[in-house]
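J.: Sequence and predicted structure below; questions after.
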Amino acid sequence: MRLFLLRHGEAGFNALTDEQRSLTDNGRFRLRQMLLQHQELLEGIERICHSPYLRTCQTTELVCEAKAVATSPLKLLTPESSPQKVINWLSEQTDESLMLVTHQPLIGNLVSLLCEGDLSRPEPMMSGCLAIIELEFPAAGLGQLRELVH
């Protein structure tokens, strides 16, 4: 499996709840620029699953502007979710190439757990950052980080 982990673009703080925070104009611009510059990396993505939070929905829409693909919300991808539960879910998927659009601290912990086998050094994934991981099988320590795009 080729796993694409994308952290949502820069979000504002002018919402009543964390779930309602939306992307800033700068966040949209920078994300579009990154996706345009690295469009070839998106080839082959079969499906995008994203957190139900507004900013990840908006980020997913921007990805779909560059690469039309099926999308679906997944409550398992919220900020404080368990990375091990996400890995367990991944092990049930049949996609050869899948993108997850999510948040910190989950995304940094997922990179660490998949590639290092533990949570001791979470990857500092900034807004709009993309990690590409190759997996023979989704399990702790079995992933190889192929690319990290800021």
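T.: Okay, I see it. Numbers count the residues shown, from 1 in each chain.

J.: Helices along this protein, start to end?
T.: In the chain, the helices defined using DSSP state H lie at 25-37, 54-66, 83-90, 106-116.

J.: Kindly provide the distance from residue 113 to residue 9.
T.: Distance of residue 113 to residue 9, computed by Cβ to Cβ, to the nearest Å: 24 Å. Any C-beta I mention is one placed from the backbone N, CA and C, and that applies to glycine too.

J.: between those two, which one's more packed in?
T.: residue 9 (26 against 22; other Cβ atoms under 10 Å).

J.: Retrieve the pLDDT associated with the more buried one.
T.: Residue 9 carries a pLDDT value of 97.

J.: Quick check: most distant residue from the centroid of this protein.
T.: Of all residues in the chain, residue 16 has its C-alpha farthest from the mean position, at 24.0 Å, by Cα atoms, centre = their mean.

J.: how close does that one sit to residue 54?
T.: For residue 16, the distance to residue 54 - Cβ to Cβ - is 11 Å.

J.: Where does pLDDT dip in this structure?
T.: Applying pLDDT under 70 to the chain flags no residue at all.

J.: How far off centre is stretch 77-90?
T.: When distances are taken as Cα atoms, centre = their mean, to the nearest Å, stretch 77-90 is centred 12 Å away from the chain's centroid.

J.: typo on my end, stretch 13-26
T.: 18 Å.

J.: Just the CA atoms of that stretch, as PDB, please.
T.: Extracted in PDB, the C-alpha atoms of stretch 13-26 (Å, rounded to 0.1, in the frame of the first residue of the first chain):
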ATOM      1  CA  PHE A  13      -9.300  30.400  15.000                       C
ATOM      2  CA  ASN A  14     -12.500  32.400  14.500                       C
ATOM      3  CA  ALA A  15     -14.900  29.500  15.000                       C
ATOM      4  CA  LEU A  16     -17.000  28.500  18.000                       C
ATOM      5  CA  THR A  17     -15.700  24.900  18.000                       C
ATOM      6  CA  ASP A  18     -12.500  23.200  16.800                       C
ATOM      7  CA  GLU A  19     -14.600  21.200  14.400                       C
ATOM      8  CA  GLN A  20     -15.800  24.400  12.700                       C
ATOM      9  CA  ARG A  21     -12.400  26.000  12.100                       C
ATOM     10  CA  SER A  22     -12.000  26.800   8.400                       C
ATOM     11  CA  LEU A  23      -9.000  27.200   6.200                       C
ATOM     12  CA  THR A  24      -7.500  30.700   5.900                       C
ATOM     13  CA  ASP A  25      -7.000  32.400   2.500                       C
ATOM     14  CA  ASN A  26      -3.300  31.900   3.000                       C
END
